[in-house]
Structures are given as structure tokens and as C-alpha cells.
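1. Sequence and computational prediction follow.
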Amino acid sequence: MQRLSQVLWRERELLEGLQYALEVEQLILASGRNRWLMRAATDVESVLQTMRKTEVLRAVAADEVAGLLGLAPNPSLKQLAAAAGEPWGEILSDHRDAFVAMTQAITELADSNRDLITSGYRSARETLLAMDEAADGYAADGSAVLTPALAAPSRIDRSF
């Protein structure tokens, strides 16, 4: 149980780190100063990669505890908390509650960041298309629709 609790604490720390990295990314996106955007995205990916490794450790520790408690392999944290005696049941429940709250906050941040990225992409695309006088709108696949009459060159070479 001690080992499982330690791995759960590590996962909670990683979730806090992920939440921080996503908030930094959001601040960069919202400011429109994208110089550090790639670094922020790399920080998010780094935390996610570490979390994937830690999830393997948690799964192994949870299976060991499940065996001791007479549960089937791959138990949920809720099942472990219900089967464990005190104080472990309460400790595992606290971990579960923290994971639920953090996951919800992280999901909201990730959704908000995705919206900011999408709107930034759309804005950049519209700006680029506005610079191209030949663009007359968008096709169903997102490509620019050109009107033949507008497709004439916009620059005239007047030096003869």
C-alpha cells in the first residue's frame, strides 16, 4: 500500500505540473506573443511523457495491492479504496478525489488552449487570404476558392 500511495503522490505532482504547463501555454496564446509557444508545448509534452511512465508504475503497484486484497487485476482506485481498511481506504479516496478535480481542471485548460490555437490559426489564415486578392472564399475542404476574373495578376510591370 505504501508503494502505491507514493506512486499516486508522484502522479498528483505530475498533474500539477501539467496544469502549470497548460496555464503557461494559455497565457502565451492569449497574449499573442508566440515566441515561447513551442517551448510551452514541449513542456506540456514532456510532462505527459513522464506521466505515461508513471502510469505503468501505478498499474503494477495497483495490481500488487489488488492481489493482496483479493481483487481482480487492473482495479480502479475506487475499488481499492473500498476494499482497503483504514487508514488506507481514506487515503486512496483522497487521492481519487484529487485526481478527479485535477483532471477536470486540466481538461478545461486543454479545451480552452485548443480553442485559442484554432482561433489563432483561423485569424492567420484569413489574414493571408485577405492579402491574396484572388481568394473569393473557402471550399468544403478548406482550400481557397479562386474566381477567374480576380485571378489576374495584381502587379503590373510598367518598366519598358
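-> On my side now, so go ahead. Numbering: from 1, shown residues only.
2. Now do stretch 7-21: everything it contacts.
-> For stretch 7-21, contacts defined as Cβ atoms under 8 Å, 6 or more residues apart in numbering pick out 40, 43-44, 47-48, 50-51, 54-55, 57-58, 61, 77, 92, 95, 98-99, 102-103, 105-106, 109. (C-beta placed from N, C-alpha, C; glycine too.)
3. Helix or strand with the lowest mean pLDDT in this structure?
-> Every helix and strand in the chain was compared by mean pLDDT, DSSP states H and E; the lowest is strand 135-138, with a mean of 60.
4. Now do the strand or helix carrying Ser93, average pLDDT.
-> Per DSSP states H and E: Ser93 is located in helix 88-131. For helix 88-131, mean pLDDT is 84.
5. I'd like to know which elements that helix is packed against.
-> helix 2-31, helix 77-83 (3 or more Cβ pairs under 8 Å, 6 or more residues apart in numbering; DSSP states H and E).
6. and those helices as CSV, adding mean pLDDT?
-> Output for the helices and strands packed on helix 88-131, formatted as CSV (pLDDT from 0 to 100):
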stretch, mean pLDDT
helix 2-31, 94
helix 77-83, 91
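7. Out of those, which is closest to Leu69?
-> Closest to Leu69 of the helices and strands packed on helix 88-131 is helix 77-83 (Cβ to Cβ; 4.4 Å).
8. Please name every helix or strand in contact with that closest one.
-> Judged by 3+ Cβ pairs under 8 Å, 6+ apart, helix 77-83 is in contact with helix 37-69, helix 88-131.
9. Quick check: the closest residue to Arg96 other than its chain neighbours vs Glu86, distance?
-> Leaving aside its sequence neighbours, Arg96 sits nearest to Leu77 (Cβ to Cβ, 6 or more residues apart in numbering; 4.4 Å). Going from Leu77 to Glu86 by Cβ to Cβ, to the nearest Å gives 16 Å.
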